[in-house]
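generate a structure from the sequence data that follows.
(chains A and B)
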Protein chains: 2
Amino acid sequence: MVCSAKSLVKALLIREKYSRLAYHRFPRTTSQYLCSMQDEKWKVEDEVYPDFHSPPEENEDPYNLDDAPDNLDYVIKIKGGIPFVYDNKEMMELNEPRSLPYPDLETYTLDLSHVLALIADGPTKTYCHRRLNFLESKFSLHEMLNEMSEFKELKSNPHRDFYNVRKVDTHIHAAACMNQKHLLRFIKHTYQTEPDRIVAEKKGKKMTLKQVFESLHMDPYDLTVDSLDVHAGRQTFHRFDKFNSKYNPVGASELRDLYLKTENYIGGEYFARMVKEVARELEESKYQYTEPRLSIYGRSPDEWLNLAKWFIKHKVYSPNMRWIIQVPRIYDIFRSKNILPSFGKMLENIFVPLFEATINPKDHKELHLFLKYVTGFDSVDDESKHSGHMFSDKSLNPDLWTSEKNPPYSYYLYYMYVNIMLLNNLRRERGMCTFLFRPHCGEAGSITHLVSAFLTADNISHGLLLKKSPVLQYLYYLAQIPIAMSPLSNNSLFLEYSKNPLREFLHKGLHVSLSTDDPMQFHYTKEALMEEYAIAAQVWKLSTCDLCEIARNSVLQSGLSDKEKQKFLGVNYCKEGPEGNDIRKTNVAQIRMAFRYETLCNELSFLSDAMRTEEISTLSK
Amino acid sequence: MVCSAKSLVKALLIREKYSRLAYHRFPRTTSQYLCSMQDEKWKVEDEVYPDFHSPPEENEDPYNLDDAPDNLDYVIKIKGGIPFVYDNKEMMELNEPRSLPYPDLETYTLDLSHVLALIADGPTKTYCHRRLNFLESKFSLHEMLNEMSEFKELKSNPHRDFYNVRKVDTHIHAAACMNQKHLLRFIKHTYQTEPDRIVAEKKGKKMTLKQVFESLHMDPYDLTVDSLDVHAGRQTFHRFDKFNSKYNPVGASELRDLYLKTENYIGGEYFARMVKEVARELEESKYQYTEPRLSIYGRSPDEWLNLAKWFIKHKVYSPNMRWIIQVPRIYDIFRSKNILPSFGKMLENIFVPLFEATINPKDHKELHLFLKYVTGFDSVDDESKHSGHMFSDKSLNPDLWTSEKNPPYSYYLYYMYVNIMLLNNLRRERGMCTFLFRPHCGEAGSITHLVSAFLTADNISHGLLLKKSPVLQYLYYLAQIPIAMSPLSNNSLFLEYSKNPLREFLHKGLHVSLSTDDPMQFHYTKEALMEEYAIAAQVWKLSTCDLCEIARNSVLQSGLSDKEKQKFLGVNYCKEGPEGNDIRKTNVAQIRMAFRYETLCNELSFLSDAMRTEEISTLSK
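All right, here's what the predicted structure looks like:
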């Protein structure tokens, strides 16, 4: 059926539209084919790119608060979950916001339902399934024929090997970025060096570190990784609830507050010190970068300022770290505790401070500075929790969402997307860096999450459930949506290592990277990311070229700046195919790059032909 | 059938006999049951133990050559592969050797054929197969019922966790004990710091390091782990020949000679320096020990002295290393090059220097000293190579073995065993440390290798093929023969990781430890042994108790001295069951220890009953 090919193309065009609006990335090759299918001319000027702040030079102060631009005097107001920006107070009173085109709820649900219908369509499923099978077989053939040539290319590539190509840990939570042994050592160290320091206040009573441990009936000398009990084990499989409680050392939330939070009696000092220790190790290793997630909950508008102050006060900046803000999907918990009146208020708490800091950086110097090192947003929580609500254009708007029920995943994603998108447009106008939306998606739960992310996300973490939908998997392939996978995390939570689809995705040509998720809970060695690569390499017998391709993907996917990417991947990294690869920097064989590029072009032109000639109907029988 | 049980018991008695003769270990529990089955009284005084040299104290000089005992004036002569010791020259001329009972070829082949017949016997196979199934199910049940209790026990065990229990790398080759990145860095470092040093001589021409690299058309700055090409990959699977050539950096045997050999123009200095760097890392890690293998080939009697001198000159001693001598089974290669006239000469070259150093340490001070740090012998080579010869008591004796054919595995093992056994007896007489025979066995090739080792070895490396013989597997269980397993090595050479029987063996209660084999070829991270443990833990979801049990096994299996074992495992480590376990040192739950002990007792008493009551006939139907 022609409609299969047409519908697939339409889905890609929808993603392209959402990506352009939000300054997300869309692959050039796919874009060019889409243009030619619509008989339009592709122009390089039409491409959009996210803006990431280049890290300060060696002699620059990363905490310089003095370069904040002037106040634009715009006014921001979030109504019904949608941010409106006014030129000034008068315009607000006249209710005449600046025009910023955004997909309204109706458009979004319509676009969503197009893709939802597509993934359930029989012939489309058959078509995509066959293409994916073909991709896998094609890679096997490539491997058999060219494995030795690829390795030969790498062997003759001077001075670069898997150890000194750049790797980015594309998905990691800051509160679990140290391994269990590191946390244990740090706790013991603080107890030895500052037992009499006042570190907490409980019911008005100030407590020293010694007293905190006494109240827990614990002597840190005896503490072990077993009694610390932060490591995931067989008990956490399919038990996200148990896993979450693993964030409490020795099962005590007091210790989590003291050691793993940015806001506490000591101003998050311990947490900052540990994060900085992790950063020092990365800087020494030189080739590893990481993108840790810090939480903004949306309970109060002060969270941002506090976080920015924590960052500056403790000098947490590291050239090897770029920050991502994770927003947990736990409105229901705050609502039931009466901390929030509505979902709209939560969105306000999260986004208004960002608009304000963008409009008037002079009066929000700390936040303005901190945002330079933030490159994106993540949406996190247990995806397997089912929401009772069915999302549609009839869904209540966030201001009216006052019940204790949690909104569904798609609802969260839409409102986060719209806010980030409009924020990005405003920041781009001011020449400030923009943010990527990089939600957790497809770890568990409904397959529809992957549809929402297909529209709204620049890239996703996990993506396991693409296994279950050939249509979505094929779309993620054609749109080359980056997926940060964490097979060791999955192994402890949702899917056994041997069943993890990473190898299969990589072979087919999906844009996958490797990440650790939570070294504290999952890893054994000091080098969590290397452990992740080593186990994948051993269990799946990945070749050096495979490993370096994954590492290259991780740099592309990351929020590292254009300057860094040029340095780590080659000056032409934005180009696709072998042209965009500098083997001297990436150690990925050009044979591999050519194979990937030709294969993608082949799929796209096959789709284009199918759309034109209706031949698809015979193929998808 | 009664004969099944009787034959199994007889097999165990045979092993006990060989173990006692060679000062190998035999488990006390099994020994006690065997005694009671024969209505004998077990006495603790009758137990034999190997003697290991205690490491020197902090203030002692590990290279002190002055304490060598006096000359006994004995005379040693190896005839037909068997060493004969004479009280003096006159006695030798009279041909009256000191009497040392040893199993002659006839006895050995008879004992061998008993076990060989047993493993092929149908009813015995059924019986053992059922017992093994039972052991596995029993452990599953134990796990379901007691997993949480075990973990609770560990959590309340102060100051000890998986990270600070002692672990011994029980099987590792010295020439591959550094990882690929380490070797690469070392090569670059030498080139930077001493390019003009003369390091080799080729056809009478002395060559500087620079010239060596020039002759290979190579600039070390450009060298990468890819061009170094020492890592095993998919290409080495079932290709032991390709694997062996991986010992040549950049495929150049010149570099192997220069960097990975003890005998070369620079007196093995580079190799010693790298080994010492590995040792320093272990000493810093504090809890890791290793037992690297150094080669003695038997080409010439000088090898021993050269090795001892290398050890002393470069001060290679480390408290965290204990040495094992590996003898490659490559007589055929030496014979074809006319280096050796007969297999007997090879045995002479290997063992005569040891007897001489034992009889007259004063005149062999270096070797005498070095032997203090040697704890055993290994027999190595590709087991899958088939030998054309069928071993029997009609086989030619080693002096007459002059053909270019390589003797079969069992032949090698018998002659190594007899020499080590007689040497041990002589050394025990002098109060010197004894050696264990710890051959590679059951990695590939014929199942009969495991039968030979069942008689002659204290413990083995690999043991994969026990998978294929229920009778042998059950015998290895009952005799608690330690098996040093290296699943990552197997994964690259003979068996995919997921199919490795380690987990199954561990569950059934076989005495398994984890080892790296060749970090240079197989591992990615800096901590190869931790990588081995981490991957096993992740892929098989091993619990902390499992990991600590493996670590405890590794210490027991090792050649660490009695004093060290008391320190690392508890003063009662020689006792079996929970009594022999000090959880504060091993972090192995007493619940687990009790389970293992009861299970072993249960199997042994079941065997004992079966032998007595003939019930076995109904059970094995």
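
chain B contacts on the stretch 401-550 of chain A?
A:488, A:491, A:497-498, A:523-527, A:530-531, A:533-535, A:537-539, A:541, A:543-544 (C-beta under 8 Å from any C-beta of the partner chain). Using the backbone N, CA and C atoms, a C-beta is placed for each residue, glycine as well.

among those, name the buried ones.
A:488, A:491, A:497, A:523-527, A:530-531, A:533-535, A:537-539, A:541, A:543-544 (16 or more other C-beta atoms under 10 Å in any protein chain shown).

which ones among these map onto strands?
Within those, no residue falls in strands by DSSP state E.

who touches A:Ser156 in this structure?
B:Ser227 (C-beta atoms under 8 Å, 6 or more residues apart in numbering or on different chains).

cool, the one 4 residues further on as well?
When contacts are counted by C-beta under 8 Å, 6+ apart, A:Arg160 is found next to A:583-587, B:224.

what about A:Ser379, which SS state?
For A:Ser379, the secondary-structure state derived from DSSP: H, G, I helix; E, B strand; the rest coil is strand.

with A:Lys206 instead?
A:Lys206 falls in the strand class when you classify it by three-state DSSP.

phi, psi of the residue nearest to it when sequence neighbours are not counted?
Spatial nearest neighbour of A:Lys206, excluding adjacent residues (C-beta to C-beta, 6 or more residues apart in numbering or on different chains): A:Ile198 at 4.8 Å. Phi and psi for A:Ile198, reported as degrees, to the nearest 10, are phi -80, psi 120.

beta partners of A:Ile198?
A:Thr208 (DSSP bridges).

isn't it right next to A:Val212, touching?
No: A:Ile198 is beyond contact range of A:Val212, at 9.8 Å (criterion: C-beta atoms under 8 Å).

please name the residues that touch the residue in the stretch 301-450 of chain A that chain B sits nearest to.
Nearest residue of the stretch 301-450 of chain A to chain B, counting by C-beta to the nearest C-beta: A:Glu443, 17.9 Å away. Contacts for A:Glu443 (C-beta under 8 Å, 6+ apart) come out as A:383, A:461-462, A:464-465, A:490, A:493-494.

6 Å - rerun?
A:383, A:462, A:464 (C-beta atoms under 6 Å, 6 or more residues apart in numbering or on different chains).

now it. Nearest residue, chain neighbours left out?
In space, A:Glu443 is closest to A:His462, 3.8 Å off (C-beta to C-beta, 6+ apart).

need the residues that contact stretch A:345-359.
A:72, A:74, A:76, A:78, A:81, A:296, A:298, A:300-301, A:304, A:331, A:340, A:364, A:367-368, A:398, A:415, A:419, A:423, A:426-427.

please report how far the residue nearest to A:Lys206 lies from A:Lys138.
Distance of A:Ile198 to A:Lys138, given as C-beta to C-beta, to the nearest Å: 65 Å.

compare these two (neighbour count), which wins?
Legend: neighbour count by other C-beta atoms under 10 Å in any protein chain shown for A:Ile198 and A:Lys138, higher for A:Lys138 (18 against 14).

so the residue lying closest to the more buried one once chain neighbours are set aside: helix, strand or coil?
Nearest residue to A:Lys138, sequence neighbours excluded (C-beta to C-beta, 6+ apart): A:Thr599, at 6.4 Å. On the three-state scheme (three-state DSSP), A:Thr599 is labelled helix.

and if you look at A:Trp310?
Look at A:Trp310: counting by three-state DSSP, its state is helix.

which residues are in contact with the spatially closest residue to A:Ala174 that is not a sequence neighbour?
Closest residue to A:Ala174 apart from its sequence neighbours, by C-beta to C-beta, 6+ apart: A:Pro292 at 3.8 Å. The neighbours of A:Pro292, taking C-beta under 6 Å, 6+ apart as the test, are A:172, A:174, A:177.

which bits of the stretch 151-300 of chain A sit near chain B?
A:154-155, A:158-159, A:161, A:163, A:181, A:222, A:224-227, A:234 (C-beta under 6 Å from any C-beta of the partner chain).

could you rerun that using 10 Å?
A:151-164, A:179-181, A:184-185, A:219, A:221-229, A:231, A:233-235, A:237, A:250-251 (C-beta under 10 Å from any C-beta of the partner chain).

just the buried ones from the residues you listed?
A:151, A:153-155, A:157, A:160-164, A:179-181, A:184-185, A:223-229, A:231, A:233, A:237, A:250.

now A:Arg131: which helix or strand?
Using DSSP states H and E, the element containing A:Arg131 is helix A:122-155.

would you mark the buried spots in that helix?
A:123-129, A:131-132, A:135, A:138-139, A:142-143, A:146-147, A:150-151, A:153-155.

excluding its backbone neighbours, what's nearest A:Asn360?
A:Asn71 (4.1 Å).

now for the most centrally placed residue in chain A: which residues touch it?
Nearest to the mean C-alpha position of chain A, by C-alpha atoms, centre = their mean, lies A:Arg438 at 3.2 Å. The contact partners of A:Arg438, by C-beta atoms under 10 Å, 6 or more residues apart in numbering or on different chains, come to A:24, A:170-171, A:291, A:293, A:324, A:326, A:375-379, A:453, A:457-461, A:482, A:484, A:557-559.

show me the residues you listed that map onto strands.
A:170-171, A:291, A:293, A:324, A:326, A:375-379, A:460-461, A:484.

wait, what's in contact with A:Pro27?
Counted by C-beta under 10 Å, 6+ apart, A:Pro27 has contacts A:16, A:19, A:33, A:478-481, A:511, A:576, A:600, A:604.

at 8 Å instead, please
Applying C-beta under 8 Å, 6+ apart, we find A:Pro27 in contact with A:479-480, A:576, A:600.

re earlier: whichever of the contacts of A:Arg160 end up buried, select them in PyMOL.
To isolate the buried ones among these in PyMOL, judged by 16+ other C-beta under 10 Å, type:
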select buried, (chain A and resi 583+585+586+587) or (chain B and resi 224)
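
can you list which of the contacts of A:Arg160 are found in helices?
Cross-referencing those against helices under DSSP state H gives A:583-586.

out of these, the closest to A:Ser245 would be?
Set against A:Ser245, the nearest of the ones in helices among the contacts of A:Arg160 by C-beta to C-beta is A:Thr586 (40.8 Å).

what about the closest one, distance to chain B?
13 Å (C-beta to the nearest C-beta, to the nearest Å).

report the separation between the closest residue in space to that residue that isn't next to it in sequence and B:Val588.
Leaving aside its chain neighbours, A:Thr586 sits nearest to A:Arg552 (4.7 Å; criterion: C-beta to C-beta, 6+ apart). Separation of A:Arg552 from B:Val588 (C-beta to C-beta) stands at 44 Å.

the two: who's more crowded?
B:Val588 (30 against 26).

ok, now which ones touch the more buried one?
So B:Val588 contacts B:545, B:548-549, B:552, B:581 (C-beta under 8 Å, 6+ apart).

need phi/psi at it.
phi -100, psi 130.

poorly predicted segments of chain A, please.
Within chain A, the segments meeting pLDDT under 70 span A:1-3, A:614-621.

kindly recompute the last result at 50.
Along chain A, the parts satisfying pLDDT under 50 run over A:1-2, A:615-616, A:618, A:620-621.
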